[in-house]
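Enquirer: Make a model of this:
(chains A and B)
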Amino acid sequence: MKHWMFNCKKVTHLVSESLDRKLSLDQRMGMRIHLMMCKFCSRYQEQLLFLRKTARLYSESSEEPDLSTQLSSEVGKRIKESMVHFLKKHK
Amino acid sequence: MNKQQSISNNPVENPEKWVDLYGDYLYRYALYRVYEATVAEDLVQETFLAALRSFKNFQYRSSIKTWLTGILKHKIIDHFRKKAKEQQIDDIEPNINKLDDLFTKNGQWKIKPANWNADPQKLYDQKEFIKILHKCLSELPGRQASAFILREIVGEKTKEICKILDISTTNCWVLLHRARMYLRRCLEIKWFTNEDVRESK
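Expert: Reported below is the predicted structural model:
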């Protein structure tokens, strides 16, 4: 199959894979040519990059204190008890 | 532990204090990656116990917080590994029919991607958007969810993910592709267009 004959469905596969591995030269060329000509696949690529950035923000946000996401005092107590138990056993 | 140590406020001498200092943070870290509160709680407990076990090897080369986070990260990956063993291989396929509807037989877009024109940082500050993102993530079938979370949220390399989920590299790419395709479609319907864009040109 010639590059310029990649269809949109195939290109969406390549756009996703390009986020996970280095595509072959043929695949990269085919994808680029298609993206230059196809508004919808370009939007698709932008959307995947958006997802990646959002996921990164999400993973970083666990650093921020959040009063609505806390260990309940009950579970905190349970964990402490298990630690005390462990320390007694391994004195 | 002697009496003097047990009343000390120094978390190194009084490891129970770690729970007060880092418990909430570790819980949040876990919950943002595994989604189920009870799983996150168990992972935090396992992390503290593992920390007690290996504390004599702690070299003070990093902070206690960083050290605990490292242990928790291993526990999270183990959790995904165990989960993958329980998941059936056929759950690789479930939402594929829905996604195939996005394209014509010739592989052209039938439901065309909309122009989101969005700044992730600005959107991320909106609580409603985060809720919808969570909802979309929670709708992903097991292995797709695991692959996406490991890749984009935990930040693992594709090669590692294949090992954790015990699947081939090609399978891994396919899982990630389907997860992304599903998530972008889900966000598009639930947030960006608020309607089915099938009719839009």
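Enquirer: buried ones in the helix or strand B:Gly70 falls within?
Expert: Element membership of B:Gly70 [criterion: DSSP states H and E] is helix B:64-86. Buried positions in helix B:64-86, judged by neighbour count with 16 or more other C-beta atoms under 10 Å in any protein chain shown: B:64, B:67-69, B:71-73, B:75-77, B:79-80, B:83-84. C-beta coordinates here come from the backbone N, C-alpha and C atoms, glycine included.
Enquirer: how about the residues you listed in TSV, adding pLDDT and distance to A:Cys41?
Expert: Formatted as TSV, the entries for these read as follows, by pLDDT from 0 to 100; distance: C-beta to C-beta, whole Å:
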residue	pLDDT	distance to A:Cys41
B:Ile64	86	48
B:Trp67	91	45
B:Leu68	93	44
B:Thr69	94	39
B:Ile71	95	42
B:Leu72	97	39
B:Lys73	95	35
B:Lys75	97	39
B:Ile76	96	34
B:Ile77	96	34
B:His79	96	36
B:Phe80	94	31
B:Lys83	90	33
B:Ala84	89	31
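Enquirer: Pick the one among those residues closest to B:Arg184.
Expert: Distances from the buried residues of helix B:64-86 to B:Arg184 were compared by C-beta to C-beta; the smallest belongs to B:Phe80, at 22.5 Å.
Enquirer: Now the closest one: closest residue in space, sequence neighbours ignored.
Expert: Residue nearest to B:Phe80 in three dimensions, not counting chain neighbours: B:Ser146, with 4.9 Å by C-beta to C-beta, 6 or more residues apart in numbering or on different chains.
Enquirer: pretty sure that neighbour contacts B:Lys85?
Expert: No: under the criterion of C-beta atoms under 8 Å, B:Ser146 lies out of contact with B:Lys85, with a separation of 11.3 Å.
Enquirer: tell me the secondary structure for the residue of chain B found nearest chain A?
Expert: When distances are taken as C-beta to the nearest C-beta, chain B reaches nearest to chain A at B:Gly107, 3.2 Å away. The three-state label for B:Gly107, taken from DSSP: H, G, I helix; E, B strand; the rest coil, comes out as coil.
Enquirer: residue contacts, it?
Expert: When contacts are counted by C-beta atoms under 8 Å, 6 or more residues apart in numbering or on different chains, B:Gly107 is found next to A:Asn7, A:Cys8, A:Lys9, A:Lys10.
Enquirer: Run a quick check on the third one versus B:Phe103, I expect a contact.
Expert: Yes: the pair formed by A:Lys9 and B:Phe103 meets the contact definition of C-beta under 8 Å, at 4.6 Å.
Enquirer: other SSEs contacting the helix holding B:Gly70?
Expert: Packed against helix B:64-86 by the contact rule (3 or more C-beta pairs under 8 Å, 6 or more residues apart in numbering or on different chains; DSSP states H and E) you find helix B:16-34, helix B:37-54, helix B:142-148, helix B:158-165.
Enquirer: Deepest in the core, which of those is it.
Expert: Taking mean count of other C-beta atoms under 10 Å in any protein chain shown as the contact definition, the stretch among the helices and strands packed on helix B:64-86 with the greatest mean neighbour count is helix B:142-148, which reaches a mean of 24.
Enquirer: And the contacts of that helix?
Expert: By C-beta under 8 Å, 6+ apart, the surrounding residues in contact with helix B:142-148 are A:55, B:80, B:83-84, B:87, B:91-92, B:95, B:137-138, B:140, B:161, B:164-165, B:167, B:172, B:175-176, B:178-180, B:182-183.
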